[in-house]
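[1] All I have is the shape, not the residue letters:
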């Protein structure tokens, strides 16, 4: 038997469009439940990944600063040796001066080089103190990094476990929703997605509950309720903008119907 040709979305009746929209809403709500089951874990994992990356970058930066400090210390020690050699040279020259003027000039050079030695020694002490502080900072940051890595590993394992339990179901729902979307005309689908995005609970289509909108629970006038039940046109709630359907179309038996 030949398969029935697929209807063009624009050729569907209002009732068929509403059924398709409600079915799509139902599937998307199930996907939302799965996401809720995962809770804040994806965000917690992302935060921990960012923190681990930040700590790693910070440690690397401090290590580079320590390397630079060590190089500065080495250069200052060379400067000290150079200054000391100059002092020794000037002292030797003082023994062979011809007048007081030459002696005073050499004395000033010796004094200058001595001050240079003192300054270099001061810079070395400062650099060594900074290096010590930075090494301690690396130690603290490394400990924190290891703790965060363990936290991240645990959170990832927890998330992976939840994802593995729900992945197949979510993929199946997404595939069905994707197929169903092709049966809804683009403008209506776009409007539905916009309503759903602006809705706090992700509901773009709701059914009437006790003469009220199932989304915002504001009362619906009797005439509009008749219009909803007639399924001749798409009715949206004047308060929250959600698309409304009657309980029967949604497959729901209300208390009033049950009585």
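    Here it is on my side, so go on. Computed from a predicted structure; not experimentally measured.
[2] phi, psi of the residue positioned nearest the centre of the chain?
    The centre of the chain sits closest to residue 46, judged by C-alpha atoms, centre = their mean, with a distance of 5.2 Å. Main-chain dihedrals, residue 46, degrees, to the nearest 10: phi -60, psi -40.
[3] now residue 13
    phi -70, psi 160.
[4] Which of the helices or strands spans the residue of the chain positioned farthest from its centre?
    Going by C-alpha atoms, centre = their mean, the residue of the chain most distant from its centre is residue 98, 78.4 Å out. According to DSSP states H and E, residue 98 maps onto no helix or strand at all.
[5] Look up the pLDDT of it for me, please.
    The per-residue pLDDT reported for residue 98 equals 89.
[6] What spatial separation is found between it and residue 85?
    24 Å (C-beta to C-beta, to the nearest Å). No exception for glycine: its C-beta is placed from N, CA and C like everyone else's.
[7] cool, residue 105 as well?
    From residue 105 to residue 85 the distance is 18 Å (C-beta to C-beta).
[8] which of these two has more neighbours?
    residue 105 (14 against 11; other C-beta atoms under 10 Å).
[9] residues touching that one, list them.
    Residues near residue 105 by C-beta atoms under 8 Å, 6 or more residues apart in numbering: none.
[10] is it true that it lies in a helix?
    Yes - with DSSP: H, G, I helix; E, B strand; the rest coil as the criterion, residue 105 is part of a helix.
[11] the helices in the stretch 51-200 of the chain, which residues?
    100-181, 186-198 (DSSP state H, counting those that start in this stretch).
[12] Columns distance to residue 30 on top of those, output as a markdown table?
    Putting those into a markdown table (distance: least, C-beta to C-beta, whole Å) gives the following:
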| stretch | distance to residue 30 |
| --- | --- |
| helix 100-181 | 5 |
| helix 186-198 | 14 |
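[13] These: which one's closest to residue 57?
    When the helices of the stretch 51-200 of the chain are compared by C-beta to C-beta, helix 100-181 sits nearest residue 57, at 10.4 Å.
[14] List phi and psi for residue 235.
    Dihedral angles (degrees, to the nearest 10) for residue 235: phi -110, psi 130.
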